[in-house]
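*Asks:* Starting from these lines, generate the structure:
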Amino acid sequence: MTRKSILSVNAGSSSVKITVYTLEKTPKVIVNAQVSGITAPPAKFKYTLGEKKREEELKEAVNAPQDAFKLLLDRCFKDSDLSDVTSSDDLAYICHRIVHGGDFESPVVINNETYHQLEQLEDLAPLHNFSALEIVRLCRKELPNVQSVTFFDTSFHRTLPHYVTTYPIDQETAKSNKLRKYGFHGISYSFILRSVAEHLNKPVDKTNLIALHIGSGASMCAIKEGKSIDTSMGLTPLAGLPGATRSGDIDPSLVFHYTSEAGKLSPASTKEMHISTAEEILNKKSGWKVLTGTTDFSQIGVEDPPTTQHKLAFDILVDRIVGFLGNYYVKLDGQVDAIVFAGGIGEKSALLRKVVVEKSRSLGFRIDATANDKGPSESQTVVDITAGTGNTKRILVCQTDEQFEMAYNCVQSH
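*Replies:* Residues are numbered from 1 along each chain as shown. Modelled structure (predicted):
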């Protein structure tokens, strides 16, 4: 390999993040950049190169993820301080995070065959794969000499037992339509597992965790001996915990009582992306935003919430988390090395961590108030917030890093 850099891309519907890493066994960050607010202009640009940090509102129109990606690459290539990456010729690989991987059990190199297989998955997850695949398409067209590798959030959960992945519906229909539990946030869980096992000085295959990736999209995972045995999300990321705009688990018939238009195409549909009204309601018009008017959890997870609706949204999330936590504790037969909080909210909300652990006290978990309030520093990947030195049931916070996990695994496998 003569080229020296890896580009990791994490695309959502409203933001695109990229990180360039050195091509070595443990990749090191060269530059971070992101565009956010694509769907809520003005879009914002953030850029970090060593000590150099810049934030600005973008004057140019950024209407789609591929526009944001092109802008980010252009800004990087034109930065005179970024001598390591001046063009696509300096990139060995581009790592793409794809939320739904269907039956793919490991990362795949993009070629004509795998590209067309991914296109077919768009129908299974139009809300979640479209943005990432738009950038894959762009890379195939404009950066054909750089190898694109796709990493899937679903792959980590390939070890789920058959009785967990199977829905009790007609199995012929289920099989022909690929209707089963897949699970998501797997790239994050892979990073969490590896980092926490190292922190605990345990082999990965001897590590049992209840991991929480709590952000605007929220999920939980039971990990037994280094393998996912259950997770809260299902066929799509909608199942399980509520999120900023997602309902989480509901009675499946609710949406048909909500509207008679449930099965019709939403006005948000496009020629390329077909979204039902039900999908739009439950994914985009639910969650704590409809209860509180904000997607910003920092306004909700506070000791003195501004309204009863804010408290309600917080209590609902805590209740659902504790329900899955108890479920997974039983599935792990009580052999839990640690509860791990990760994701933007899991890492930042001391109140959420405190209340969840207090409600789990019957399982023997105790939190150190001072350590919890302090949380992790910027340089800490894993921090212990357990009360008492002799307690073997750890409470940890892990600053997860999906972009690094993709770059790390790319190096290991190539």
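*Asks:* Show the residue spans covered by the strands in the stretch 1-150 of the chain.
*Replies:* 5-11, 15-22, 29-36, 44-49, 52-57, 91-98, 108-109, 147-152 (DSSP state E, counting those that start in this stretch).
*Asks:* Adding mean pLDDT, write the ones you listed out as TSV.
*Replies:* Shown next, in TSV, are these (pLDDT from 0 to 100):
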stretch	mean pLDDT
strand 5-11	96
strand 15-22	95
strand 29-36	95
strand 44-49	96
strand 52-57	94
strand 91-98	96
strand 108-109	96
strand 147-152	96
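*Asks:* which of those is buried the deepest?
*Replies:* strand 5-11 (a mean of 25; mean count of other Cβ atoms under 10 Å). Quick note: C-beta positions are derived from backbone N, CA and C, even for glycine.
*Asks:* Give me the contacts around that strand.
*Replies:* Outside of strand 5-11, the residues within contact range by Cβ atoms under 8 Å, 6 or more residues apart in numbering are 16-23, 27, 30, 65, 68-69, 84-85, 90-97, 131-132, 134-135, 146, 402-404, 406-407, 410-411.
*Asks:* before we move on, the earlier item: CSV for the strands of the stretch 1-150 of the chain, including distance to residue 276?
*Replies:* Putting those into CSV (distance: least, Cβ to Cβ, whole Å) gives the following:
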stretch, distance to residue 276
strand 5-11, 23
strand 15-22, 24
strand 29-36, 27
strand 44-49, 31
strand 52-57, 34
strand 91-98, 22
strand 108-109, 28
strand 147-152, 24
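*Asks:* Residue 381 is nearest to which of these?
*Replies:* Of all those, strand 29-36 sits nearest to residue 381, with 13.1 Å by Cβ to Cβ.
*Asks:* Neighbouring strands - and their directions - for the closest one?
*Replies:* If you go by DSSP bridges, strand 29-36 pairs up with strand 15-22 (antiparallel), strand 44-49 (antiparallel).
*Asks:* remind me which residues of the stretch 101-250 of the chain are low pLDDT?
*Replies:* The stretch 101-250 of the chain contains no residues with pLDDT under 70.
*Asks:* quick one, helices of it?
*Replies:* 112-121, 126-142, 162-165, 171-176, 186-200 (DSSP state H, counting those that start in this stretch).
*Asks:* contacts for the second one?
*Replies:* The contact list for helix 126-142, computed with Cβ under 8 Å, 6+ apart, reads 9, 11-13, 16, 64-66, 69-70, 94, 96-100, 110, 115, 118-119, 121-122, 146, 148, 150, 236-237, 272-275, 279, 283-284.
*Asks:* Compute the inter-axis angle for that helix and strand 5-11.
*Replies:* Using axes from the mean of the first three to the mean of the last three Cα atoms, to 10 degrees, the direction of helix 126-142 lies 150 degrees away from that of strand 5-11.
*Asks:* can you list the domain ranges for the chain.
*Replies:* By the assignment in automatic domain parsing, the chain contains the domains 5-152, 202-402.
*Asks:* Which one of those domains lies nearest to residue 185?
*Replies:* So among the domains of the chain, domain 202-402 is nearest, using Cβ to Cβ, at 4.4 Å.
*Asks:* And the contacts of helix 126-142, which of them are buried?
*Replies:* When those are checked for burial by 16 or more other Cβ atoms under 10 Å, the buried set is 9, 11-13, 16, 64-66, 69-70, 94, 96-100, 110, 115, 118, 121-122, 146, 148, 150, 236-237, 273, 275, 279, 283-284.
*Asks:* Could you verify that residue 316 is part of a strand?
*Replies:* No: per DSSP: H, G, I helix; E, B strand; the rest coil, residue 316 lies outside any strand segment and is helix.
*Asks:* how much space is there between it and residue 339?
*Replies:* Going from residue 316 to residue 339 by Cβ to Cβ, to the nearest Å gives 20 Å.
*Asks:* out of these two, which sits in the more crowded spot?
*Replies:* residue 339 (27 against 16; other Cβ atoms under 10 Å).
*Asks:* beta partners of that one?
*Replies:* If you apply DSSP bridges, the partners that residue 339 bridges to are residue 210, residue 395.
*Asks:* so what's residue 118 closest to, chain neighbours aside?
*Replies:* Closest residue to residue 118 apart from its sequence neighbours, by Cβ to Cβ, 6 or more residues apart in numbering: residue 133 at 6.1 Å.
*Asks:* Burial check on residue 25, number of neighbours?
*Replies:* 8.
*Asks:* where does it fall, phi/psi-wise?
*Replies:* phi -50, psi -50 (degrees, to the nearest 10).
*Asks:* Name all residues that make contact with the closest residue to it other than its chain neighbours.
*Replies:* The shortest distance from residue 25 to any non-neighbouring residue, by Cβ to Cβ, 6+ apart, is to residue 411 (6.2 Å). Residues counted as contacts of residue 411 (Cβ under 8 Å, 6+ apart) are 6, 23-25, 27.
*Asks:* ok so, going back, nearest to residue 343, of the strands paired with strand 29-36?
*Replies:* Per Cβ to Cβ, nearest to residue 343 of the strands paired with strand 29-36: strand 15-22, 14.4 Å.
*Asks:* Contacts for the closest one, please.
*Replies:* Counting by Cβ under 8 Å, 6+ apart, 4-11, 27-38, 65, 68-69, 72-73, 76, 84-85, 91, 131, 135, 403-404, 407 sit against strand 15-22.
*Asks:* Determine how far it lies from the middle of the whole chain.
*Replies:* For strand 15-22, the separation from the chain centroid amounts to 15 Å (computed by Cα atoms, centre = their mean, to the nearest Å).
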